Each structure stands twice: as structure tokens, then as C-alpha cells.
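**Q** sequence isn't available, so here's the structure alone:
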């Protein structure tokens, strides 16, 4: 007996995203960190060069489509918790910030392995292509909507 796989659509994508994000947010909550704080901190930690606040706002906005004022508040929270430090015009991750991301990564790794494990490489490649195309098209639609409201 063969079962037909459901077609990918916006609802399936959203359900998968929020299920996986729920796992991550459970781990983040144990560390007293929000999802947006983790995204901003990760952007600072993984940057090839020191980032200004504007750089980090742009990166987080590109990922989360969040309001720039909210992202700036998030950066202020990370500075207050000493997970980021101001160094002239740049915001740099502290050792505590790097350690926090490493701890979250270590705690989420077993969940990720169970969630993603056993999925055939060709299925992951096909899903990756589809998700990249959806992302590109959705970003174009959002840009058009944003331009129309200016």
C-alpha cells in the first residue's frame, strides 16, 4: 500500500516552522533568551567582520521581517545582559554571548538530529530548492508591498 505525500503549501510550511521553533524556544526559555535575541546574537557571533547596530538591525530584519525599533530594543537587551558589548561603533559578542549560543546549540542538537534524521538526502535537496524559491518569491512580494506603501 502506498500513501501519497501531501503537497507542500503555506500551511504545511508554517506548521513545520512553528513546530521546530517551538522546540528551540523551549530551550531558549531555559536560558532566559527570546527567539529574536537569539537571532540577533547569532548574527553578531557569525559575522565575518564587526557589525554596527545598523548592520545587525538589517540582518535581523532580513531574517525575521521584524520592526527595526523592536530589533534595536532587542540589541539593547543583549547589551544590558552583557551578551553583546559596544566597541566604538560596533557591537561585538561577549564570551558570555558565545557561550550561550554554544549551550543552546548543544542542547538543541539531539532534537535536531531526531527531527531531521532519516530524511533522504534527495528529499532534503528538493525541499531546500523549494524553500529557497518560496523565500525568494515571498521576499519579492513583501518588497513590492513595502514599495507600494511608500
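**A** That came through fine. Values in this document were obtained by computation on a predicted structure and should not be read as measured data. Numbers count the residues shown, from 1 in each chain.
**Q** now do the strands in the chain.
**A** Assigned by DSSP state E, the strands in the chain fall at 51-52, 84-87, 90-93.
**Q** got those strands as a markdown table, with mean pLDDT and mean neighbour count columns?
**A** Placement of C-beta: from N, CA and C, glycine included. Shown next, in a markdown table, are these (pLDDT from 0 to 100; neighbours: other CB atoms under 10 Å):
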| stretch | mean pLDDT | mean neighbour count |
| --- | --- | --- |
| strand 51-52 | 96 | 18 |
| strand 84-87 | 96 | 16 |
| strand 90-93 | 97 | 20 |
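**Q** could you dump those to JSON lines with distance to residue 15?
**A** Compiled in JSON lines, those are given as follows (distance: least, CB to CB, whole Å):
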{"stretch": "strand 51-52", "distance to residue 15": "33"}
{"stretch": "strand 84-87", "distance to residue 15": "33"}
{"stretch": "strand 90-93", "distance to residue 15": "32"}
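**Q** so which of these is nearest residue 68?
**A** Residue 68 lies closest to strand 51-52 among the strands of the chain, at 13.3 Å (CB to CB).
**Q** ok, back up a step: looking at the strands of the chain, which is nearest to residue 147?
**A** Closest among the strands of the chain, using CB to CB: strand 51-52, at 25.2 Å.
**Q** what's in contact with the closest one?
**A** By CB atoms under 8 Å, 6 or more residues apart in numbering, the surrounding residues in contact with strand 51-52 are 43-44, 59, 89-91.
**Q** with stretch 82-98 instead?
**A** Taking CB under 8 Å, 6+ apart as the rule, stretch 82-98 contacts 37, 41, 44-45, 50-53, 56, 75, 78-79, 81, 100-101.
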